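> Okay, here's the prediction I keep looking at, along with the sequence it came from:
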Amino acid sequence: MLALIPQLTIGLADLAAAFLFLFGLQRMSSPATASSGIFVAGLGMVAAVLASFLYVFSVEAAARPHLGINIVLALVALALGGGAAWWSGKRVAMTAMPQMVALYNGMGGGAAGAIAAVELLGGKAHGATALLVTLLGALIGAVSLSGSLIAWAKLDGAIKKPLRIKGQQAINAAAMAATLAIGGCVLFAALTGSPLLLATSTWIYIFFGCALVFGILMTLPIGGADMPVVISIYNALTGLAVGLEGFVLQNPALMIAGMVVGAAGLLLTLLMAKAMNRSVANVVFTNFGDAPKQAQSAIAGSLRPVEASDAGIAMRYAAKVIIVPGYGLAAAQAQQKLYEFVKLLQAAGVLVKFAIHPVAGRMPGQMDVLLAEAGVPYDMIFQLDDINADFATTDVALVIGANDVVNPAARTDKASPIYGMPILNVDQARQVYVVKRGEGTGYAGIQNALFYGDNCNMVYGDAQAVLTKMIEAVRGLGAAAAA
């Protein structure tokens, strides 16, 4: 009877962890509750990790002599991993958050692949179904690991440009076919006990090697503009791999958490692809991303720069202002200055809203997190579908570091590579000010027709410096006008 207590405790802990995962994920659906959702999900992970140590009571007799050293190794791994995560989480800048997410996502895929490797090399997966699920989890986990590492390198600047060669898609298809064929060899050898030419363990090593290579080959040609979607894809794959390995281990917490993360990642991927008016296959298997040389209709007009102080004063006397943040805001770390300026406008009676495009920044939700970090109330932040109609009745739209997501060519120019992509209707505002460092193009590598519009003026400079000048200009109007 006493022997059942550890198993019962593990089961209850896994059930509690699964509930906390689900409840935490539900809380993450709103910016107002996301922080507490992350904390709750973290508690679920702590419960699952602590409960896993109770498996020592069911260790086979042959492994008992190694029990002490294995427990020490597990504790050392937890200390190193937890310490590294705490240190990096405290130090990482907001602009580097996409890289960190890609890196940690790869670690999740690698963990799922490592579990599968233990199951396969130890001969612990019995029966065709268990072997198939283990191999599938191994494949997905390994691809997610190597692909996420390449995504991290691209986002971090270690890989400057996508690597594209002639016949790349055929090479990738051949790598995938070879991986599946070797997986078939592993399955045949494990089920029949008759290795084909090589030992079963050798086939397993080759299988993992091919899967890792395929993840690299699949990610190398994808351009920087598609990295948010790629991160989301690998997030879904990691969740799926964890869920599959949870099935093999008969661990409810892994199964539920993995499948929920996989489903959420897949849904987010589809939503982001829709926001770019593209399919997921188009993102993964084409060469869009880094300044493609495509024809574009000529843009009439010229750029009209103005001083930051003039733009700030114009917004002070507006009735309604919509602000569109982009990656340039994050790069300048100007979110605090932006909210300081917004509070000045609000004190003067100006109605201010924030408009967020689904693929703004370099990862899903980066702009929402950026504004939340500055203390912007959640009821001021609106998504594309909820605010697009408001631009037509807006006095001033302020664009900070965004480019392709506000380019009206997406609506009108069939020669444009972003044609058909839903955009924020900034060009419909009465007056538009665009804050940019210079006259560079966005990820799509095309000129922005918005910048040449009769109602648009450019404010050149670092976003933090520009916003500082706007704040000084509004305050310089005097106490009565500024407050």
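Nice, I can see it. Numbers count the residues shown, from 1 in each chain.

> now the strands for the stretch 201-350 of the chain?
Ranges of strands in the stretch 201-350 of the chain, per DSSP state E, counting those that start in this stretch, are 320-325.

> quick one: what helix or strand has the nearest residue in space to I256 that is not next to it in sequence in it?
Using Cβ to Cβ, 6 or more residues apart in numbering and skipping residues adjacent in sequence, the residue nearest I256 is A18, 4.1 Å away. Heads up, the C-betas are built off the backbone N, CA and C, glycines and all. Assigned by DSSP states H and E, A18 falls within helix 4-27.

> got the buried residues for that helix?
6, 10, 13-14, 16-18, 20-25, 27 (16 or more other Cβ atoms under 10 Å).

> Export these as CSV, with columns for pLDDT and distance to K90.
Output for the buried residues of helix 4-27, formatted as CSV (pLDDT from 0 to 100; distance: Cβ to Cβ, whole Å):
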residue, pLDDT, distance to K90
P6, 71, 36
I10, 79, 32
A13, 83, 29
D14, 80, 30
A16, 86, 28
A17, 84, 25
A18, 81, 29
L20, 87, 24
F21, 82, 24
L22, 83, 28
F23, 87, 26
G24, 86, 21
L25, 80, 24
R27, 83, 23
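
> about what we covered before: distance-wise, check the residue nearest to I256 relative to G258.
10 Å (Cβ to Cβ, to the nearest Å).

> quick revisit: please save the CA atoms from the helix holding A18 in CSV.
This file holds the C-alpha atoms of helix 4-27, laid out as CSV (Å, rounded to 0.1, in the frame of the first residue of the first chain):
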residue,chain,number,x,y,z
LEU,A,4,1.4,3.3,-4.2
ILE,A,5,1.7,6.6,-2.3
PRO,A,6,4.5,8.0,-4.5
GLN,A,7,2.6,7.0,-7.7
LEU,A,8,-0.6,8.6,-6.4
THR,A,9,1.3,11.8,-5.4
ILE,A,10,2.9,11.9,-8.9
GLY,A,11,-0.5,11.6,-10.5
LEU,A,12,-2.1,14.3,-8.4
ALA,A,13,0.9,16.6,-9.0
ASP,A,14,0.7,16.0,-12.7
LEU,A,15,-3.1,16.8,-12.6
ALA,A,16,-2.5,19.9,-10.6
ALA,A,17,0.3,21.0,-13.0
ALA,A,18,-1.9,20.4,-16.0
PHE,A,19,-4.6,22.6,-14.5
LEU,A,20,-2.2,25.3,-13.7
PHE,A,21,-0.8,25.2,-17.2
LEU,A,22,-4.3,25.6,-18.7
PHE,A,23,-5.3,28.3,-16.3
GLY,A,24,-2.1,30.2,-16.8
LEU,A,25,-2.5,30.0,-20.6
GLN,A,26,-6.0,31.3,-20.3
ARG,A,27,-4.7,34.2,-18.2
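
> Below-threshold pLDDT in the protein: ranges please.
Along the chain, the model assigns pLDDT under 70 to residues 1-5, 31-32, 63, 94-95, 224-225, 277-278, 282-301, 439-445, 478-483.

> Domain boundaries for it, per the record?
96-290, 308-482 (automatic domain parsing).

> Going along the chain, name the helices of the stretch 1-150 of the chain.
In the stretch 1-150 of the chain, the helices defined using DSSP state H, counting those that start in this stretch lie at 4-27, 34-52, 67-91, 97-121, 128-156.
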